[in-house]
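> Provided below for reference: sequence and predicted model.
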Amino acid sequence: MIKLFEPSVDFRENEEVLDVLQSGTLARGLKVEEFERELASRLGKEHAVALSNGSSALHLSVRSMGWKEGDKIFTSPYSFIAVPNSLLYEKCQPVFGDVDYDLQLTPESTVDALERDTDIKGVILPHMLGKDACLEKWQDVLDIHPEVSVIEDASQTFAPREYGLSVGKIGSAVIYSFHQNKIITTGGEGGGLVTNDPAVAERARSEREHGLMRHPDWQNKISIGFNYRMTELQAAVGVAQLEKLDDVLRRREDLAQRYTERLQDNANIYLPAMDRKSWFGFYIEAEDESLIPGVSFALAKNNIEFKVNPFPVLPHFRHIRELVGDDVAKRYNKLARRAARIILLPLHPNLRQTDVDYICEVIDDAITTS
């Protein structure tokens, strides 16, 4: 079986985890602090807050912005369901924009919305499928509307500062997921919030631990909070993963390049542009939906994991549709049809070039016989 996702794990993770197990401290220890320091350093941020998963990072980032019940927050119709759910936890109202060819939220639709609706208080900007949104244009949006706060959802990308990517440049908070299907993992689940704002970091650290804070009169300072802590074992895996991050990113890019070389002459599918350094997954977009059943059957028959329509259009989820209304949901029917033509293919450091060649051969043959 060629897996869709598979974390890269070797002796480094084994040694880090064993050290933690032998230390006798599995929670609230020094390894989480070490991971936070390394994470902040690689991402070029002043503060990093390690959390239990990406969804908890989203939730605490929403709370750290001070968004409250009834606030309208602009976001993409094409991302993971955790994004609107994090708003609904706080009874905020998601407002959806448009996406471009690369499936990124457009700054143009954001400006239009902000001009039409002055009740929009902020933006959650997802960087989808490893592509960093064009933040130069987004900076122009914020120059016009400095009152709007931004959270960047970088769950599907990872942008070390030395790579020169734009991820993290405009967000008051930037969140990451370290699920096993992401670029790096912290042992299956994990998340992080990075920021240059000490107030955002302080609130996130407090609320990940039931609202506790370091203060002599902490019993009178405590506020509502959650148990969103990362364990020492998770952090141990994360420290090891950060050590080999550059190799992981290079390997993913090489595999994406191989996919592109093998499939670029197939006129029946569209490929993502190679203008990204942080590859979460490689996808193909069929020119016609009639190709999907044949390609899916061929991949499954040949023991290749894949996912059709990996990110269904958010306004079409039942609880979101009931909130925004059928008329809004119908606006995204065209995007939904496009999303249904997308197939996510295996991409991870353990994948061999021969595996990619085999996958591409299966796809080409399936399309030829369709």
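That came through fine. Numbering: from 1, shown residues only.
> buried residues in the top helix by length along the chain?
In the chain, assigned by DSSP state H, the helix with the most residues is helix 245-263. Within helix 245-263, the residues that qualify as buried are 248-249, 251-253, 255-256, 258-259, 262-263, counting by 16 or more other C-beta atoms under 10 Å. From N, CA and C alone the C-beta is placed, and that goes for glycine too.
> Confidence-wise, which helix or strand of the protein is lowest on average?
Least confident helix or strand, the chain: helix 218-221 with a mean of 68, by mean pLDDT, DSSP states H and E.
> out of everything not next to it in sequence, what's closest to L114?
Among residues not flanking L114 along the chain, H145 sits closest, at 5.2 Å (C-beta to C-beta, 6 or more residues apart in numbering).
> wait, L347
Leaving out its chain neighbours, the residue that sits closest to L347 by C-beta to C-beta, 6+ apart is F282, at 4.5 Å.
> pretty sure that neighbour contacts L345?
Yes - judged on C-beta atoms under 8 Å, F282 makes contact with L345 at a distance of 5.0 Å.
> Find residues that contact each of those two.
Shared contacts of F282 and L345 (C-beta atoms under 8 Å, 6 or more residues apart in numbering): Y259.
> Off-centre distance for the longest helix of the chain?
Offset of helix 245-263 from its chain centre (C-alpha atoms, centre = their mean, to the nearest Å): 19 Å.
> Stretch 223-233 too?
Chain-centre distance of stretch 223-233: 20 Å, with C-alpha atoms, centre = their mean.
> Ok, stretch 242-250 next?
Chain-centre distance of stretch 242-250: 18 Å, with C-alpha atoms, centre = their mean.
> CA atoms only: put that stretch into CSV for me.
Only the C-alpha atoms of stretch 242-250 are listed here, as CSV (Å, rounded to 0.1, in the frame of the first residue of the first chain):
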residue,chain,number,x,y,z
LEU,A,242,12.5,20.3,13.6
GLU,A,243,16.0,19.0,13.5
LYS,A,244,15.4,17.4,10.0
LEU,A,245,12.9,20.0,8.8
ASP,A,246,15.1,21.2,5.9
ASP,A,247,15.5,17.7,4.6
VAL,A,248,11.8,17.0,4.9
LEU,A,249,10.9,20.2,3.0
ARG,A,250,13.5,19.4,0.3
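> contacts for that stretch?
Residues from elsewhere that reach stretch 242-250 (C-beta under 8 Å, 6+ apart): 8, 10, 12, 35, 38-39, 42, 158, 160, 163, 183-184, 241, 277-279, 349.
> tell me the contacts of the residue positioned nearest the centre of the chain?
Centroid-nearest residue in the chain, with C-alpha atoms, centre = their mean: S155, separated by 2.0 Å. For S155, the contact set (C-beta under 8 Å, 6+ apart) comprises 54, 80, 82, 126, 175-177, 182.
> go again using 7 Å as the cut-off
54, 80, 175-177, 182 (C-beta atoms under 7 Å, 6 or more residues apart in numbering).
> which of those sit farthest apart?
Largest separation among the contacts of S155 by C-beta to C-beta: F80 and Y176, giving 12.9 Å.
> out of these two, which sits in the busier spot?
For F80 versus Y176, neighbours defined as other C-beta atoms under 10 Å are more numerous around Y176 (31 against 20).
> Buried residues, stretch 16-32. List them.
Those would be 16-17, 20, 29, 31-32, for stretch 16-32 by 16+ other C-beta under 10 Å.
> Export these to a markdown table and append columns for distance to G211.
Below are these laid out as a markdown table (distance: C-beta to C-beta, whole Å):
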| residue | distance to G211 |
| --- | --- |
| E16 | 30 |
| V17 | 30 |
| V20 | 27 |
| G29 | 21 |
| K31 | 23 |
| V32 | 18 |
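> Who are the contact partners of the nearest residue to F96 once chain neighbours are set aside?
Among residues not flanking F96 along the chain, P77 sits closest, at 4.2 Å (C-beta to C-beta, 6+ apart). The contact partners of P77, taken as C-beta under 7 Å, 6+ apart, are 96, 99, 313-315, 332, 335.
> Pull the most distant pair out of those residues.
Spatially, the most separated pair among the contacts of P77 is V99 and P315, at 12.2 Å (C-beta to C-beta).
> can you list the contacts of S155 in TSV and add distance to Y270, secondary structure and pLDDT?
Conversion of the contacts of S155 to TSV gives the following (distance: C-beta to C-beta, whole Å; DSSP: H, G, I helix; E, B strand; the rest coil; pLDDT from 0 to 100):
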residue	distance to Y270	secondary structure	pLDDT
G54	28	helix	98
F80	22	coil	98
I175	29	strand	98
Y176	28	strand	98
S177	26	strand	98
K182	24	coil	97
